[in-house]
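Asks: let's see this in three dimensions:
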Amino acid sequence: MNTKKNIDAKRIRFYTWVGLSYFLLGTLTDGGQHPERWPGTLLNNAWGAVYVTTLNLIFFEYTWPRLRWKNAGRSLLLLTGHII
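Replies: So this is what the prediction gives:
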């Protein structure tokens with residue numbers, strides 16, 4: 001029996017939709033505010049969506065379940081690592 005928690009397809013699909021939503025909302029917002037900088041806006045929002053989606057995946061799937069009051073020092077270190 002495998003005791004390790006594997007990320008299933010539903011979660012990957014969820015994080016993909018979150019990243020796509022982040023990309024579209026950011027692109028529409030930046031495109032509306034600065035229409036003359038459209039290509040730069042697309043590139044900036046593309047890497048931003050990948051970055052934020054990856055951080056969300058790592059935080060909510062690996063770090064959040066490991067936070068405990070019993071080991072507050074380690075938990076604080078994990079949270080500080082994500083903030084930095």
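
Asks: pull the residues that contact stretch 38-55.
Replies: Residues outside stretch 38-55 that contact it (Cβ atoms under 8 Å, 6 or more residues apart in numbering) are 15-16, 18-20, 22-23, 26-27, 30-31, 34, 82. The way it works is simple: take the backbone N, C-alpha and C, and place the C-beta from them, glycine included.

Asks: quick check on those: which are buried?
Replies: Buried members of these, counted by 16 or more other Cβ atoms under 10 Å: 15, 19, 22-23, 26-27, 30.

Asks: and residue 68, how far from residue 41?
Replies: Using Cβ to Cβ, to the nearest Å, one gets 41 Å for the distance from residue 68 to residue 41.

Asks: same question, residue 64
Replies: As it turns out, when the distance is counted by Cβ to Cβ, residue 64 lies 31 Å from residue 41.

Asks: compare those two (neighbour count), which wins?
Replies: residue 41 (20 against 12; other Cβ atoms under 10 Å).

Asks: check what pLDDT the more buried one gets.
Replies: The predicted local distance difference test score for residue 41 is 90.

Asks: can you list the neighbours in contact with the one helix or strand residue 78 maps to?
Replies: Following DSSP states H and E, one finds residue 78 within helix 72-83. Residues lying outside helix 72-83 but in contact with it, judged by Cβ under 8 Å, 6+ apart, are 55, 58-59, 63, 66-69.

Asks: helices or strands up against the longest helix along the chain?
Replies: Counting by DSSP state H, the longest helix found in the chain is helix 9-33. Using 3 or more Cβ pairs under 8 Å, 6 or more residues apart in numbering; DSSP states H and E as the contact criterion, the neighbours of helix 9-33 among helices and strands are helix 38-58.
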